[in-house]
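> sequence and predicted structure are below.
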Amino acid sequence: MIKIEQYGWNSSWLEKITANGTPGRVTLEHKNVYRVVTDSGEWLCSLSGKYRHLHSGTEFPCVGDWVIVEQMPGEEKGIIHQVLPRTSQFSRKGAGETTAIQLIAVNVDFVFLAMSLNDDFNIRRLERYLLAAWDSGANPIIVLTKKDQCSDSEPFIHQVESVAFGVPIFTVSVITGEGIEKLQNQLLGSKTGALLGSSGVGKSSLINAMFGTERMTVQTIREDDSKGRHTTTHREMILLPSGGLMIDTPGMREFQLGDYSEGVEAGFSDVEDLALACRFRDCAHHDEPGCRVQEALQNGELDAARYQSYLKLKRELAHIERKSDAAAQKAERNKWKQLTKDYRKRPVKKQ
């Protein structure tokens, strides 16, 4: 029999309820239909008209959300009336030129950032994942997969340690089983993890190994470039037999930034600390006297490629901020235009 305590429910969530109904957790979302697990079973749910009218975008339910549901009489279906306030929120900027933010997973305790020990290993991509993970409110854990295909993993670990200060690093192999139990132990006590990484790093195989069976479909790697094929096409939360939960996500080869200014401070704390040590507060880190950043670059204390990655991310964030401000201003103008039109359409009362 299902108990929502297995899915992470505790007394702290009770204080957040403002609607009548049954508490449950969203385990799958597909085209605005949600599978919600409750103490009375799993129900297919949709949003109430009132909620849909008053909320939009990132306020709609996401995998990992706790919701308050009203069961439809005589059916295993329900209507969602409330989404409880989130403890963490992992998101990315939508693909393409849009400034919209796309939710990936919420109420996550640990974000497992997976990269494979082959040609797909990319330290700059890991910096982006770390940036979003720090900003989400969840704790990042780095998982280096396919250790069985790598004769020496130490150089990879050293690269990761150079950008992920203090973040736990696990090397695993689903072939030999090495490291799998250690990952499972991170989620004991009904903790929730989200598994993130680009296509082909072995996320589905890792889920299968942690679940102990072929729970997810596995695709093979393209031999010509060691890149992966997309396997997972939707986000789903899975209850592991060993306890704890894991959210699998579609591959994210195009990972664009959202508003992660706080994440930059945490993910690039080494660069930020150096900048604070410059002689001048408004130092541009070019050729100013007493520039601590340039000194660190010249003596090898700061890796040049990491600094360039930092500058690129800062430029992207500034660009997104400008676009967001412009979009907000446009939306405000359109709102007032529409209000003016509506006012003009009103019939004039005769005196």
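It's in. Numbering: from 1, shown residues only.
> show me the contacts for Leu206.
Applying CB atoms under 8 Å, 6 or more residues apart in numbering, we find Leu206 in contact with 114, 143, 145, 172, 174, 180, 183, 195. Quick note: C-beta positions are derived from backbone N, CA and C, even for glycine.
> next one: Glu295
Contacts of Glu295 (CB under 8 Å, 6+ apart): Glu301.
> in the helix or strand harbouring it, what counts as buried?
Glu295 belongs to helix 292-299 when elements are defined using DSSP states H and E. Residues 292-294, 296-297 are the ones in helix 292-299 that count as buried (16 or more other CB atoms under 10 Å).
> I'd like the mean pLDDT over stretch 151-168, please.
The pLDDT scores in stretch 151-168 average 89.
> find the residue at the geometric middle of the chain.
Phe90 (3.0 Å; CA atoms, centre = their mean).
> surely that residue and Tyr129 touch.
No: counting by CB atoms under 8 Å, Phe90 does not reach Tyr129; the two are 10.0 Å apart.
> okay, the buried residues of helix 292-299 in CSV with pLDDT and distance to Ile17 next?
Formatted as CSV, these follow (pLDDT from 0 to 100; distance: CB to CB, whole Å):
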residue, pLDDT, distance to Ile17
Arg292, 91, 51
Val293, 90, 49
Gln294, 90, 54
Ala296, 90, 51
Leu297, 90, 53
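> make TSV out of the residues you listed and add distance to Glu15.
Formatted as TSV, the buried residues of helix 292-299 follow (distance: CB to CB, whole Å):
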residue	distance to Glu15
Arg292	46
Val293	46
Gln294	51
Ala296	47
Leu297	50
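> list just the nearest of these to Val33.
Val293 (50.4 Å; CB to CB).
> where do the helices sit along this structure?
Ranges of helices within the chain are 11-14, 49-54, 123-136, 154-161, 180-186, 203-211, 261-267, 269-276, 292-299, 304-345, based on DSSP state H.
> where among those helices is the average confidence lowest?
helix 261-267 (a mean of 60).
> any idea how far His81 is from Gly49?
For Gly49, the distance to His81 equals 10 Å [CB to CB, to the nearest Å].
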